[in-house]
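**Q** sequence first, predicted coordinates after that:
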Amino acid sequence: MTVNSKEITIAGFGGSFRKGSYNGMLLKEAQRLMPPSSRLEIADISGIPLYNQDNENEDNIHITNFRNAIKNSDGFLVVTPEYNFSIPGYLKNAIDSISRPSNMNPFPGKPGAIMSASMSMLGGSRAQYHLRQVFTFLDARIINRPEVFISFANTKFDENGQLKDEMAVKFIRELLGKLVSSAQASVKNLQ
């Protein structure tokens, strides 16, 4: 079996819990725009309880499911809004919950990418930079270019949730292509 015959699975998460979330739409667009021989499976992080170190060795189905989604994937994609110049608390909580204790961290060596959408001019860039710091500590391999920031997101999606901005679609395809290529290289190294 050649590496190219294996379908690459990317675990996608983040978005927002808000109905009509631009980041939720962006995550769905990423799912639609995945390169051939790859797929994006969206992981649900909504049921993860607040992280408490006292409870990190206890079984929790939501934490286990999310951790396994990352562990069993070939790479991951985070699509996030920006709250108060940073990462949404629930997203940081979900990442903390599955990466603790440290021997349970599913991110070391895992290729990952980050995208964001915002109604502001900066498109969620500050949240992305903070996430890059978090994933550096967790030893993930984040694809750095192209950076995908969907600014003025309220004007970029049609009534069906599809992205109308052709340049943004081009950058998303390029980022996803690099993510899948990196995941293919990682799979090949494991064989």
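**A** Sure, I can see it.

**Q** next one: the longest helix seen in the chain to chain centre, how far?
**A** Across the chain, the longest stretch assigned as helix under DSSP state H is helix 166-190. Centroid separation for helix 166-190 versus its chain: 13 Å, with Cα atoms, centre = their mean, to the nearest Å.

**Q** which SS class is the residue nearest to the spatial centre of the chain?
**A** Compute the mean C-alpha point of the chain, and by Cα atoms, centre = their mean the closest residue is residue 78, 1.6 Å away. Following DSSP: H, G, I helix; E, B strand; the rest coil, the label given to residue 78 is strand.

**Q** mind listing the helices for the chain?
**A** Per DSSP H, the chain carries helices over the ranges 22-32, 61-71, 89-99, 125-137, 166-190.

**Q** using CSV, lay out the ones you listed together with mean neighbour count and distance to residue 82.
**A** C-betas here are computed from N, CA, C, even on glycine. Output for the helices of the chain, formatted as CSV (neighbours: other Cβ atoms under 10 Å; distance: least, Cβ to Cβ, whole Å):
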stretch, mean neighbour count, distance to residue 82
helix 22-32, 22, 9
helix 61-71, 17, 22
helix 89-99, 20, 10
helix 125-137, 17, 4
helix 166-190, 17, 17
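
**Q** quick revisit: what average pLDDT does the longest helix of the chain get?
**A** Along helix 166-190, the predicted local confidence has a mean pLDDT of 93.

**Q** before we move on, what about stretch 135-146?
**A** 96.

**Q** got a list of contacts for that stretch?
**A** With contact meaning Cβ atoms under 8 Å, 6 or more residues apart in numbering, stretch 135-146 is reached by 76, 95, 99, 105, 107-114, 132, 171, 174-175, 178-179, 182, 186.

**Q** residues of it that come out buried?
**A** Buried residues in stretch 135-146, defined by neighbour count with 16 or more other Cβ atoms under 10 Å: 135, 138, 140, 141, 142, 143.
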